[in-house]
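>>> the sequence and its predicted three-dimensional model are supplied below.
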Protein chains: 4
Amino acid sequence: MTFAPGWTGRIPCAVLGATGSVGQRFVTLLAEHPWFELTRLCASPRNVGKPYGEATRWVQACACPEAVATMELVPAEEPADEVALVFSSMDREVAGPIEVAWANAGKLVVSNAASHRMDPDVPLVVPEVNPGHLALMDTQPYAGGILTNPNCSTIGLVLALAPLERAFGVKRLHVVTLQALSGAGVPGVSSMEAIDNLIPFIPTEEQKLATESAKILGTLEAGAITPAKLVLSAQCNRVAVLDGHTECVSIELGREATIEEVRAAWDEFRSEPQELGLPSAPEIPTRYLEAEDAPQPRRHRDLDKGMACVIGRLQPCPVLGWRFVCLSHNTLRGAAGGAVLLAELAVAQGRLPM
Amino acid sequence: MTFAPGWTGRIPCAVLGATGSVGQRFVTLLAEHPWFELTRLCASPRNVGKPYGEATRWVQACACPEAVATMELVPAEEPADEVALVFSSMDREVAGPIEVAWANAGKLVVSNAASHRMDPDVPLVVPEVNPGHLALMDTQPYAGGILTNPNCSTIGLVLALAPLERAFGVKRLHVVTLQALSGAGVPGVSSMEAIDNLIPFIPTEEQKLATESAKILGTLEAGAITPAKLVLSAQCNRVAVLDGHTECVSIELGREATIEEVRAAWDEFRSEPQELGLPSAPEIPTRYLEAEDAPQPRRHRDLDKGMACVIGRLQPCPVLGWRFVCLSHNTLRGAAGGAVLLAELAVAQGRLPM
Amino acid sequence: MTFAPGWTGRIPCAVLGATGSVGQRFVTLLAEHPWFELTRLCASPRNVGKPYGEATRWVQACACPEAVATMELVPAEEPADEVALVFSSMDREVAGPIEVAWANAGKLVVSNAASHRMDPDVPLVVPEVNPGHLALMDTQPYAGGILTNPNCSTIGLVLALAPLERAFGVKRLHVVTLQALSGAGVPGVSSMEAIDNLIPFIPTEEQKLATESAKILGTLEAGAITPAKLVLSAQCNRVAVLDGHTECVSIELGREATIEEVRAAWDEFRSEPQELGLPSAPEIPTRYLEAEDAPQPRRHRDLDKGMACVIGRLQPCPVLGWRFVCLSHNTLRGAAGGAVLLAELAVAQGRLPM
Amino acid sequence: MTFAPGWTGRIPCAVLGATGSVGQRFVTLLAEHPWFELTRLCASPRNVGKPYGEATRWVQACACPEAVATMELVPAEEPADEVALVFSSMDREVAGPIEVAWANAGKLVVSNAASHRMDPDVPLVVPEVNPGHLALMDTQPYAGGILTNPNCSTIGLVLALAPLERAFGVKRLHVVTLQALSGAGVPGVSSMEAIDNLIPFIPTEEQKLATESAKILGTLEAGAITPAKLVLSAQCNRVAVLDGHTECVSIELGREATIEEVRAAWDEFRSEPQELGLPSAPEIPTRYLEAEDAPQPRRHRDLDKGMACVIGRLQPCPVLGWRFVCLSHNTLRGAAGGAVLLAELAVAQGRLPM
């Protein structure tokens, strides 16, 4: 399949908040995307009118695509007719009403910002975990629609939890995160605070992990989400890793399980993105590594194009039953890549206004 | 008090395993100690005969004391008459019988090695937590004696636990450690594995945390230790921090407590080392910091000469009841400094053969 | 000597720009200074009225002194009667007129800011290198006076050069700096740009090294400085080191010299701060280390209280004659410590208005 | 072109020293190479018989190709008939005679080891710089042949120099390197010495830069290389960067040149690998970046598949005439990638025994 189902060319897209670290990842992913074409880069007023390459403090390990570097930045506030799909990585402070404006203009907004995540009529989706929640869009008042991508630490966690929830149920869990610096954006964390140090605090992260996980694992009935009854406690740390969030999990399942059953739940987990063959879908969404010192951010964050949740160190836990470690790439799977996959899912489900 | 109680001069000491990273800390601490005098530096056969400064790959942020740098390394296997007190930081593989030889020769061996920690007749001691366990030495067959210092990650944890155990009892806890590189010694972890990375595995560490904590918090009766009934699950990580182990703890106490009571347990905790005014004792052994982003390794590991357990982020935990973060300097409080304090305690209790 | 010569108590001091990274070093040094007493902490308008500890993003490896943490920040613009000596580490953009205001009010301002460094009537001084330049203050129109501390990378370099200039003359040199992150202040360099990276550019640094070095090594005659005729080319890099600037130097001396002569020039170098026994003076200002892998920032930056220029790797250079590596602590010797030593020199020379 | 010129399938290759950090890069590059097929992995005796994936401490940011991970390691000492081309990244201590054995067995050995680099009959080649030197192989006594790849810091430097040498001549230069940790192999530099530190010393590196550069830029006449008359002084530093050597160069050209002429020399430089369209050849071998803060290791080392020499910061230098900064990926262009390109050149020149 060259183009998206039902399309005879690539779908024109805009990125809102294109200069930030997640925006840079959107730019990189869309520059080579088979279904989507980046036609519009929007930024905050102080950068409007500048070429993208000049306005952006580029922090990716690859170079900025040259065709994109010369594109002129335009205002985010003005929905553009020629665009069908909009990726938003604006700051939470400004994202809310601008996203609504594009949705009202008939566009599908896929947002990585936190503004609308907990809105009752906005799906908060990890494509492998709750693809059915896209139907919640039917209750939205917009000509277009708004879809949201969860927080980066939530995405990796719920990917690891989803197969366990399906197979055994999940009752209680304690999570300690070791999160990468790129999650704080650019400039983000000062190097004076990152090197030879860690910071045991990320504002609002511990709460987001609990509330977002409950919504994603919840059930959609009668046009509303009922959150999952999940007892989740999180302690979040920023560590000196550039990309890749590691999470140490201790978990109580809904029923007894053998270690082989738990492993099988992850190994066999496939979902709608895999069945539909979406371009950004990882082949194996929850990939277990046998090595006793895996997963590690630098070695494993890029597995399956950075879209896998990589798991290891499954062991019995005397406190809650099981413990394990999972890792996911926070600006790919946990942000831009997750949002692109979500847009692919929406297109494949026929939810893009044509 | 200038000299140790009952002494009219400084007590002559040897360090076994002086060239390693913990050995280097012993050297630094003993170079300026009011009670102890470093008179003998012992190393492995390949380094015997070399000046200390030449044989040692020095990795401390301060320079090696010059008087020590020129001392000649001698074999560890031969107990020396003039020495009364021996600090051991030898590798586990060789430490066991050498430490016994010195103890048989009438010396007090204070060891940071793991060889004898779990021996039934060897005290495993954190001076503020179980100073009474030194009496277990009475059951030893040696002319001298052997005392052991716990593993670095255990020390910080049990310091934080002791006031809670005293005040409320401790039933269950889940610990995730973020441990410093110096804990792996020199050369230890390759820079290619440490930078932009973390390793979610430290061999035998997760087990040691459980077994050592139970022994330390256990009770001494009729010449034997009964381990504490503690359910402890640990997940141990190596992170890109030079010194200072951080531990994220979720804990179930033995009874209901208010947040003020928990805080008071730490704030008011003082023990035998503080009462005796031991030279290396921290003024406040469990020091709680109010800042929402504390404790941090680089900023707080050196508090109270690197001998405090620094605690922060106490919050209710929906899974086990309470959660908090603690930090201790792994090569000071968690190794050399802890062993020196333990030797001071033994001397002050009159347990040094004179 | 307890107090400064001619004083019967400690001299009351203010710090302007107290919350920045150099300001934090001033606070630390003055908290324990035998001659000076920190009585006033000044900050920018947005921080005025707050306690110092609350307004400051503390990045030192030691804790902020508690007595200072509770001091209330006051405006920098208003000279205070009770203060005799003023340390300035304000941003260049605002420092100029504020420093003049304090000088007009009769105070001695010792500034680490760049504003007045190249003013014809303002001494730019490294105390061991050009202590005689303080006499240039006599040409100033102020009731008090202004003294300036050079840029951090200049200080280390001219310390290494001064003994060579004295003994052989210096004709040409090429310098490549590997500068620490603390030189960029707080937040300074983003961790996303510092880890697994270096930046081969520091704004205006390459020029400053040349122009400041020429002024410091110049001669004071008839109330004016004639810059040294020095051909200096610099390439400046920011590397992932927290503190300590390393500089690789290739140099052409004014006459032939043996390697022993060059070494002797550094080994024997002592100057006015050593002769006067100033409290912050390093015992050995240019300290040569024999080890083939010295100097290293983490191991050697703190030698002699962080006030030494540590040198190593002297070798013949086929291009210019000699090459070597020098290191100095950029926020101690290269900023706050250098300024405190300069103030001590001024006091000892009787240049503090009493 | 699918296969190499004159071949109807992929050329079978062996890697000697496959488990090291350069060996890992060979494995990664050959796993996807259009001309070459990796059929044999050789290692030191202690690893023979083990699967590659198990014996190797993998430190690449990508995962080890699975087909390779399961290959069994065989001894390096025994030349294998089915192999035509051999890549060597063995330690210098053992490489010499083993490489000769394979050459005697009729194989073409392309070596990244230092053993034979300075042999009079062994070409030391950077494909864009001295492709004609391959003719020196005609003087070798082997049924096959030996080709060598220079040291990693030399490769980047001579790539930057070659266009200047062609256009203006190069008389004298001073180089300060800021070299990546991967250049020291695995485990290589201890993390305790790499973090918050740099090491101003790399054994034999300063000499290698001078002698290897002179040989590469030398002329082949009458079956022998006459080294270039180049005055080169180097100071080599290890910095906390994972991959990518940065070099700060001050240089005296053979004649006056304008800044436009120097830029044009680099911009227009193309050589035999580009003309032949070799699979691993960078499109632009000396790529100048305009940004004032370029080149940076993390952002630019991967340009052109990690095969470019990236240059920036060209400025007049008051000491030698010009100064600039260049960067090249030390384990790609500077080791495995450079050797693969060299093998491609030899094949395209018809020098592979068939």
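Thanks, I have it. Quick caveat: nothing in here was measured; it's all calculated off a predicted structure.

>>> how many neighbours does residue A:178 have?
27 (other Cβ atoms under 10 Å in any protein chain shown). All C-beta spots, glycine's among them, are computed from the backbone N, C-alpha and C.

>>> wait, it sits on residue B:198?
Yes: with contact defined as Cβ atoms under 8 Å, residue A:178 and residue B:198 form a contacting pair (5.9 Å).

>>> tell me where the stretch 251-354 of chain A has helices.
A:259-267, A:272-276, A:297-300, A:303-306, A:337-348 (DSSP state H, counting those that start in this stretch).

>>> can you pull the buried residues of the first one?
Right, helix A:259-267. A:262, A:265, A:266 (16 or more other Cβ atoms under 10 Å in any protein chain shown).

>>> skipping adjacent residues, who's closest to the last one in space?
Read it as residue A:266. Among residues not flanking residue A:266 along the chain, residue A:286 sits closest, at 4.2 Å (Cβ to Cβ, 6 or more residues apart in numbering or on different chains).

>>> and that neighbour, what does it touch?
Counting by Cβ atoms under 8 Å, 6 or more residues apart in numbering or on different chains, residue A:286 makes contact with A:159, A:160, A:162, A:163, A:266, A:267, A:269, A:308, A:309, A:311.

>>> for it, name its beta-bridge partners.
Listed beta-bridge partners, residue A:286: residue A:309 (assigned using DSSP bridges).

>>> now do it against chain B, distance only.
Distance from residue A:286 to chain B, counting by Cβ to the nearest Cβ, to the nearest Å: 16 Å.

>>> OK, contacts around the closest residue to residue A:5 other than its chain neighbours?
Closest residue to residue A:5 apart from its sequence neighbours, by Cβ to Cβ, 6+ apart: residue A:348 at 6.1 Å. Residue A:348 is in contact with A:4, A:5, A:276, A:278, counting by Cβ under 8 Å, 6+ apart.

>>> got a pLDDT number for residue A:348?
pLDDT, residue A:348: 96.

>>> ok, the most far-flung residue of chain A relative to its centre - contacts?
In chain A, the greatest distance from the average C-alpha position (Cα atoms, centre = their mean) is reached by residue A:318, at 32.0 Å. Going by Cβ under 8 Å, 6+ apart, residue A:318 touches B:210, B:231, B:232, B:233.

>>> where does the residue nearest to residue A:96 when sequence neighbours are not counted land in three-state SS?
Spatial nearest neighbour of residue A:96, chain neighbours left out: residue A:115 (3.8 Å); criterion: Cβ to Cβ, 6+ apart. When classified by DSSP: H, G, I helix; E, B strand; the rest coil, residue A:115 comes out as coil.

>>> ok, the closest residue to chain D within chain A to residue B:181 distance?
At 5.0 Å from chain D, residue A:196 is the closest residue in chain A, using Cβ to the nearest Cβ. Residue A:196 sits 9 Å away from residue B:181, going by Cβ to Cβ, to the nearest Å.

>>> between the two, which contacts overlap?
Common neighbours of residue A:196 and residue B:181 (Cβ under 8 Å, 6+ apart) are B:240, B:241, B:242, D:195.

>>> is any part of stretch A:246-260 close to chain D?
No: for stretch A:246-260, no contact with chain D is found by Cβ under 8 Å from any Cβ of the partner chain; the gap never falls below 15.5 Å.

>>> next, the buried residues of that stretch.
By neighbour count with 16+ other Cβ under 10 Å, stretch A:246-260 contains the buried residues A:246, A:247, A:248, A:249, A:250, A:251, A:252, A:253, A:257.

>>> measure that stretch end to end?
23 Å (Cα to Cα, to the nearest Å).

>>> so is it next to chain B?
Yes: Stretch A:246-260 is in contact with chain B by Cβ under 8 Å from any Cβ, via A:246, A:248, A:250.
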